[in-house]
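In: Pasted the sequence and its predicted model underneath.
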Amino acid sequence: MCSSTFALTAISVASAGLQYQAGKAQQKATYAAQKRQNSIARENAIRRYATEQLKIRQTLKKSARADYIATLKSRKIRSEFLTEAGSAGLAISGSTEALMRDYYRTEGNYRNALNNNMNINISQFERNLEAIQFGQKAQMTYETPPNPHLLFATQALNVANTYWSLESQKEMKGLMTNAEKRRQKRLARRYEGYT
């Protein structure tokens, strides 16, 4: 009966060894997949950041161009108006001043609208960057590095559990367990010394 316990324990040890190797390989594969997922999330966020930055630069450039064109146009019109008024020998009257104020007001409203639109675009850009950061965090996973020590301990406990389960079954059947056999051998050696 001792050989069956030994054989079953040996099979349990071999099985635990195979399970340990498979578990270790699985842990390594899972860790590599987690690292790859995080790398993809980072690369995706970097690409999206670059796209958003390009969009805001293009919007800033477009707004600056519109402001520049408006400035050139207003200077040209004011210059033409003042030149015509000066060449005609006209003094700037109240209605002419009102016309110029109206023109300056319209120009100021246009520039204010450009500025407001730019501020809205910048706010949206900042929200987009926050969304990208949140998206990256959502795509990332917690990395769990392989833990072969815990895996080995688990397999060792499984082997011990198998051994003690076999010993318990022997005891329930009324058979002598390995611990009882060792105890009897020790007692027998002690008594041999007295005879």
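Out: Received the coordinates, thanks.
In: Strands of this protein, residue ranges please.
Out: Assigned by DSSP state E, the chain shows no strands.
In: the longest helix in it is where?
Out: The residue-count maximum for a helix in the chain (DSSP state H) belongs to helix 2-87.
In: Mind listing what's buried along stretch 126-138?
Out: Of all the residues in stretch 126-138, those buried under the rule 16 or more other CB atoms under 10 Å are N128, L129, I132, Q136. From N, CA and C alone the C-beta is placed, and that goes for glycine too.
In: Now the last one: closest residue in space that isn't a chain neighbour?
Out: Of all residues not flanking Q136 in the chain, A45 sits nearest, at 3.8 Å (CB to CB, 6 or more residues apart in numbering).
In: got it, and the second one?
Out: Here the nearest residue to L129 in space, its sequence neighbours aside, is E52; by CB to CB, 6+ apart that works out to 6.1 Å.
In: My guess is the one you found contacts R127. True?
Out: No: using CB atoms under 8 Å, E52 makes no contact with R127, being 10.1 Å away.
In: Among the buried residues of stretch 126-138, which are located in helices?
Out: Per DSSP H, the subset of those in helices is N128, L129, I132, Q136.
In: Tell me which two of those residues sit farthest apart.
Out: For those, the farthest-apart pair by CB to CB is N128 and Q136; their separation is 12.7 Å.
In: In stretch 38-54, which residues are buried?
Out: For stretch 38-54, using 16+ other CB under 10 Å, the buried residues are N38, A41, A45, R48, E52.
In: N119 versus the last one, what's the distance?
Out: The gap separating E52 from N119 is 17 Å, by CB to CB, to the nearest Å.
In: center of this protein, which residue is that?
Out: Centrality entry for the chain: nearest residue to the mean C-alpha point is M140, 2.7 Å, by CA atoms, centre = their mean.
In: contacting residues around that one?
Out: Shown in contact with M140 (CB atoms under 8 Å, 6 or more residues apart in numbering): Q37, N38, A41, R42.
In: closest to E180 among the residues you listed?
Out: Closest to E180 out of the contacts of M140 is Q37 (54.7 Å), distances taken as CB to CB.
In: That closest one contacts T141, doesn't it?
Out: Yes: contact criterion CB under 8 Å: Q37 and T141 qualify, at 5.1 Å.
In: what about E130, distance to S123?
Out: Using CB to CB, E130 is found at 11 Å from S123.
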